[in-house]
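Colleague: Mind looking at a prediction? Sequence and model below.
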Amino acid sequence: MQVSGELLLQLGALLATLAVLGGVARRFALSPIPVYLVAGLCLGKGGLLPVAAAGEFITTGAPIGIVLLLLTLGCEFSAAEFASSMRRHLPSAGVDIVLNAAPGAVAGWLLGLNGVAVLCLAGVTYISSSGVIARLLGDLRRLGNLETPSVLSVLVLEDFAMAAYLPLFAVLASGGGYLQALGGMAVAVCALLVAFAASFRWGHHVGRLVEHTDSEQLLLRVLGGTLLVAALAESLHASAAVGAFLVGLTLTG
């Protein structure tokens, strides 16, 4: 297969530019994440510089990068510790919903939008980016801090909430009824709860399945399994990143 020279040129120039910007940010003891986000806004559709040749590669590679980032983050914690942390932080998740969803709902109400549009704005202001938060925890060297499991617990509970929110919003936005929306919510949440419970109950068996003395075999098994679980989580209207995070927890036991 012949590789386009334009693709290599654009991708190489982009990576070199990000390396320089990230180095400057770190010189000032800052996380490079905001710099990367601003650079992304300046490129591609609607930006200052088009990257047509590299656009498809970036679009495909970006979600895979987030999945791998959350996989490695999940490997930093034990399953038992994280399950205990999630149970303790259910009240925190409730506060998270109120503080983050309320501004969007109030803004929609003040703008005179209908109920579905208000629900949409509440979801926009409520949800957080798993990838950005995970990267910031690493950049700020807080993975070993006592509060990090609490942050990740709330983040995972957010994605549980979105597993209920997305089917509800999709049905209502397409003109469906509330009973149909509630049915979709129940299926998505139950499937996610079963997957979550199974990862903690039988996770040690998964570790034995992927274990191998050959590093190549180990890499292929872990990567293939992670992408499959991430795809399953995405199909259940949960975050693919949280699916990868659960795989990381499962592998460490």
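Modeller: That came in fine, so what should we check first? Numbers count the residues shown, from 1 in each chain.
Colleague: switch to C-alpha atoms for all contacts and neighbour counts from now on
Modeller: Fine.
Colleague: What is the neighbour count of R208?
Modeller: Residues lying near R208 (other Cα atoms under 10 Å) number 10.
Colleague: right, I mislabeled it, should have said F57
Modeller: With other Cα under 10 Å as criterion, F57 counts 12.
Colleague: which helices and strands does the host helix or strand of G131 pack with?
Modeller: Following DSSP states H and E, one finds G131 within helix 130-139. In this structure, helix 130-139 packs against helix 33-41, helix 52-74, helix 240-252, with contacts taken as 3 or more Cα pairs under 8 Å, 6 or more residues apart in numbering; DSSP states H and E.
Colleague: same thing but 10 Å
Modeller: For helix 130-139, the packing partners by 3 or more Cα pairs under 10 Å, 6 or more residues apart in numbering; DSSP states H and E come out as helix 33-41, helix 52-74, helix 148-173, helix 240-252.
Colleague: ranking those helices by burial, who's on top?
Modeller: helix 240-252 (a mean of 27; mean count of other Cα atoms under 10 Å).
Colleague: what mean pLDDT does the helix holding G131 have?
Modeller: Average pLDDT, helix 130-139: 80.
Colleague: Kindly report the same for stretch 230-240.
Modeller: Here the average pLDDT along stretch 230-240 is 76.
Colleague: Would you mind measuring the gap between the ends of it?
Modeller: 4 Å (Cα to Cα, to the nearest Å).
Colleague: chain center to that stretch, what's the gap?
Modeller: How far stretch 230-240 lies from its chain's middle: 10 Å, per Cα atoms, centre = their mean, to the nearest Å.
Colleague: Name the residues of that stretch that are buried.
Modeller: By neighbour count on 16 or more other Cα atoms under 10 Å, the buried set for stretch 230-240 is 230-234, 236-240.
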